[in-house]
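S.K.: could you work out the structure for the sequence below:
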Amino acid sequence: MLTNTAPVDAYRGAGRPEATYLLERTMDRAARQLKMDPVDLRRKNFIPAFTDGTPYQTPVAFAYDSGNYEPALRRALELAGYEQARRDQAADRQKGKYVGIGISTYIEACGPAPSAVAGALGAGAGLWESGQVRVHPAGSVTVYTGSHSHGQGHETTFAQVVADQLGIPIEQVEVVHGDTAQIPFGMGTYGSRSACVGGSAIVKCLDKIKDKGRKIAAHLLEASEQDLDFKGGAWSVKGAPDRKKAWGEVALMAYLAHNIPQGMEPGLEATSFYDPVNFTFPFGAHVAIVEVDVETGAVKLKKYVAVDDVGLVINPMIVDGMVHGGIAQGVGQALWEHGVYADDGQLLSATMMDYAMPKADGLPSYTTDRTVTPSPINPLGVKGAGETGTIASTPAVANAVIDALSPFGVTHLDLPLTPQKIWKATAAAKR
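M.R.: Okay, the predicted model is just below:
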């Protein structure tokens, strides 16, 4: 088969935005037919909370790692002022203003796993990730990761994990990625896997390093390993906090090897590979409020609220940045972006002059918040965060626009919801 049009390929979210869009549009249409508030219908269909480490087995092979969905929706509605927004919406319609409120609740699969399953399905690669942590004689640390950063903030997040676990300043941690001459073989960055898979490989390295450091410290302090506490970058004897060895002292002795346990090799570094036992499943609830000018079809996004649950959060600013960028992309999908082809296969939207993209002046300031439901399947308790905004925002905005057009009998429009489509729909209803 020969085609002159671009095939569908992976985009941020890689299939989950489309699936969530279908589900959330179905929810809204069902709520309208049942004459229910779309919030109530979603609540009736939520899985009850499961946070005790026992996964929820779905009918379609997946087992969700942990979930508590109602608090995220409740918080999003609070931040959006949902009840008041509905009252304002009714008042605005009396004045000829068409405001719509859209809800989107989602769950997504991140950090594809495990490698054995991938192999059984015919994948040509594993789903694990590699990590290497090398402690230098002065106590500084270099981290080598097979996960590559192209904007996700690995250099900060991974350094935070190491600094926190070893009790050293973050300035003493260097993160190396993307250099195949230095790093172990790795599987890369995709599927919101970096923290939950790549970060877990690093944690496994740190466990090995702390175990060796404990042995050296116990030897130097003439104490048993079980009698040592590790806190604030130092090992101390329980009940005798003045008897301690700082991180730097232990690191230096590991390389001097003048006084280390018999049979122990010098040096202080470790390499680990982490193969996840399951996906992680972040979730959340987004609320969009729009105003539609029915004379021109233009849509103004007045308010946007996002409450996501990505497990334990290592760096809130990085997570917020990911959510913000994802929302912008999802709004672009909902309102503007479209690959347009002529009948002869010529792409008509091939440049920035012709392809409508989201811009800052078309987006409001977002209101974001989080609930925290740790994942029980990885040592950091984290879930993927890189694609949440894109997955939730497209259906939230689409539902809001259709809600605004409901007085005209509009129940659905295909994406993107351009002014032309909206104007045609409202004009047809007026005739």
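S.K.: looking at L23 now. What's its pLDDT?
M.R.: Listed pLDDT for L23 reads 97.
S.K.: need phi/psi at it.
M.R.: For L23, the backbone dihedrals (degrees, to the nearest 10) come out as phi -70, psi -40.
S.K.: in contact with it, which residues?
M.R.: P395 (CB atoms under 8 Å, 6 or more residues apart in numbering). C-beta here means a position set from N, CA and C on the backbone, and glycine is covered the same way.
S.K.: for N278, same thing?
M.R.: Contacts of N278 (CB under 8 Å, 6+ apart): 55, 63, 65, 113-114, 377.
S.K.: lowest-pLDDT helix or strand in this protein?
M.R.: helix 115-120 (a mean of 89; mean pLDDT, DSSP states H and E).
S.K.: now do that helix: distance to the chain's middle.
M.R.: Computed by CA atoms, centre = their mean, to the nearest Å, the chain-centroid distance of helix 115-120 equals 23 Å.
S.K.: can you check stretch 207-226 too?
M.R.: Relative to its parent chain, stretch 207-226 has a centroid offset of 37 Å by CA atoms, centre = their mean.
S.K.: what is the mean pLDDT for it?
M.R.: Here the average pLDDT along stretch 207-226 is 97.
S.K.: how is this protein carved up into domains?
M.R.: 16-110+281-430, 115-274 (automatic domain parsing).
S.K.: for K204, phi and psi?
M.R.: Dihedral angles (degrees, to the nearest 10) for K204: phi -60, psi -40.
S.K.: residues touching S236, list them.
M.R.: Taking CB under 8 Å, 6+ apart as the criterion, S236 is in contact with 228-229, 242-245.
S.K.: low pLDDT regions in the protein?
M.R.: The model of the chain has pLDDT under 70 over residues 1, 7-8.
S.K.: need the max-distance pair from the contacts of N278.
M.R.: Using CB to CB, the two most remote members of the contacts of N278 are P55 and P114, lying 13.8 Å apart.
S.K.: helices along this protein, start to end?
M.R.: 16-34, 38-45, 69-80, 82-94, 115-120, 154-166, 199-221, 247-256, 316-335, 388-404, 419-430 (DSSP state H).
S.K.: so which of those is the most surrounded?
M.R.: Among those, helix 388-404 has the highest mean neighbour count (mean count of other CB atoms under 10 Å), at a mean of 29.
S.K.: what residues are up against K245?
M.R.: Applying CB under 8 Å, 6+ apart, the residues contacting K245 are 217, 220-221, 234-236.
S.K.: which one is it nearest to, not counting chain neighbours?
M.R.: Closest residue to K245 apart from its sequence neighbours, by CB to CB, 6 or more residues apart in numbering: A217 at 4.6 Å.
S.K.: so the one you found sits against S224, correct?
M.R.: No: contact criterion CB atoms under 8 Å: A217 and S224 do not qualify, at 11.1 Å.
S.K.: which one of the contacts of N278 is nearest A195?
M.R.: Once CB to CB is applied, the member of those that ends up nearest A195 is I377, at 12.8 Å.
S.K.: that closest one contacts V277, doesn't it?
M.R.: Yes: at 5.6 Å, I377 counts as touching V277 under the criterion of CB under 8 Å.
S.K.: stretch 38-56: end-to-end distance?
M.R.: Using CA to CA, to the nearest Å, one end of stretch 38-56 lies 25 Å from the other.
S.K.: what sits up against it?
M.R.: 27-28, 30-32, 34, 63-70, 73, 77, 82, 103, 105, 278, 373, 376, 399.
S.K.: again, but for stretch 416-428
M.R.: Against stretch 416-428 from outside (CB under 8 Å, 6+ apart): 292, 294-299, 333-338, 356, 397-398, 401, 405, 408, 410, 413-414.
S.K.: repeat that with 7 Å
M.R.: 292, 294, 296-299, 333-338, 398, 401, 405, 408, 410, 413 (CB atoms under 7 Å, 6 or more residues apart in numbering).
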